[in-house]
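Visitor: Have a look at this fold, sequence not included:
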């Protein structure tokens with residue numbers, strides 16, 4: 001009986017001594033964590049844009065006796081975007097061209113014959129600008145991405161041209177993500193060709209957009 005007990009004890013000692021050391025166990029845990037992080041980084045994440053929490057800011061300048069600008073927000077209808085490893089992979093968004101809201105203060109007082117904020121909103125919706133009744137939406141769709149620059153197709157007033165969104169930044173946390181970037185386009189390419197009624201005043205051809213999309217994981 002004593003021999004049997006001693007033999008079992010010896011076997012247990014041998015088994016323990018043959019198992020992984022504390023250092024080996026720590027290394028295994030570190031590898032598992034690294035593998036998990038790598039797997040997460042390589043996974044594509046699809047997000048649906050929350051229109052209420054997202055903004056598309058526009059800005060345009062007029063030069064003449066003085067330089068001034070108008071800026072504001074455009075209502076966002078919908079959008080999606082996909083990321084992988086913290087980088088944009090694809091995406092698209094649609095804005096409401098009837099939802100242009102100026103936020104600057106370069107206007108005549110309400111009730112004036114011209115130059116009011118309401119007059120600008122109405123003018124932007126006409127055929128001299130975006131012809132919103134016939135073309136109520138504008139769309140940007142990503143076709144390729146390189147680094148923090150996305151190339152895509154912008155459609156305004158039924159005309160489509162290739163444009164770029166630059167300075168893209170993606171932040172992701174707990175099933176939500178934010179995608180920001182800048183898009184500058186030449187309005188003349190889309191038939192937005194209105195000229196200022198004063199000969200010495202010029203409306204800039206470039207319209208600047210600051211895109212801030214907030215998305216929820218699908």
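Guide: Thanks, I have it. Bear in mind the structure is a predicted one, so any value in this text is a computation, not a measurement.

Visitor: now the strands: where do they sit in the protein?
Guide: Secondary structure of the chain (DSSP state E): strands at 44-49, 55-63, 68-84, 87-102, 137-146, 149-156, 159-173, 176-186, 202-203, 206-217.

Visitor: Next, format the ones you listed as TSV and append mean pLDDT.
Guide: Listed next are the strands of the chain as TSV, based on pLDDT from 0 to 100:
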stretch	mean pLDDT
strand 44-49	98
strand 55-63	90
strand 68-84	95
strand 87-102	97
strand 137-146	98
strand 149-156	98
strand 159-173	98
strand 176-186	98
strand 202-203	80
strand 206-217	97
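
Visitor: Residue 116 and residue 108 touch, don't they?
Guide: Yes - contact criterion C-beta atoms under 8 Å: residue 116 and residue 108 qualify, at 5.2 Å. Yep, even glycine has a C-beta here, placed from its N, CA and C like the rest.

Visitor: returning to that earlier point: need the strands of the chain in JSON lines with mean neighbour count and distance to residue 125, can you?
Guide: Putting the strands of the chain into JSON lines (neighbours: other C-beta atoms under 10 Å; distance: least, C-beta to C-beta, whole Å) gives the following:
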{"stretch": "strand 44-49", "mean neighbour count": "18", "distance to residue 125": "24"}
{"stretch": "strand 55-63", "mean neighbour count": "17", "distance to residue 125": "14"}
{"stretch": "strand 68-84", "mean neighbour count": "18", "distance to residue 125": "12"}
{"stretch": "strand 87-102", "mean neighbour count": "19", "distance to residue 125": "7"}
{"stretch": "strand 137-146", "mean neighbour count": "16", "distance to residue 125": "13"}
{"stretch": "strand 149-156", "mean neighbour count": "18", "distance to residue 125": "13"}
{"stretch": "strand 159-173", "mean neighbour count": "15", "distance to residue 125": "17"}
{"stretch": "strand 176-186", "mean neighbour count": "18", "distance to residue 125": "19"}
{"stretch": "strand 202-203", "mean neighbour count": "16", "distance to residue 125": "16"}
{"stretch": "strand 206-217", "mean neighbour count": "18", "distance to residue 125": "15"}
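
Visitor: wait, what's in contact with the spatially most central residue of the chain?
Guide: Geometric centre of the chain, nearest residue: residue 179, 3.3 Å, by C-alpha atoms, centre = their mean. Counting by C-beta atoms under 8 Å, 6 or more residues apart in numbering, residue 179 touches 47, 81, 83, 88, 91, 168, 169, 170, 211, 212, 213, 215.

Visitor: Run through the bridge partners of it.
Guide: residue 170, residue 213 (DSSP bridges).

Visitor: gap between it and residue 117?
Guide: Between residue 179 and residue 117 the distance is 30 Å, computed by C-beta to C-beta, to the nearest Å.

Visitor: do the same with residue 170
Guide: 34 Å.

Visitor: domains of this protein?
Guide: Annotated domains of the chain cover 2-40, 44-217 [automatic domain parsing].

Visitor: Endpoints of the last one, how far apart?
Guide: Across domain 44-217, the straight-line distance between its terminal residues is 11 Å, by C-alpha to C-alpha, to the nearest Å.

Visitor: Tell me the gap between that domain and the middle of its chain.
Guide: Averaged C-alpha coordinates place domain 44-217 at 12 Å from its chain's average position (C-alpha atoms, centre = their mean, to the nearest Å).

Visitor: still on that earlier bit, quick one, which of residue 116 and residue 108 is more surrounded?
Guide: residue 116 (15 against 12; other C-beta atoms under 10 Å).
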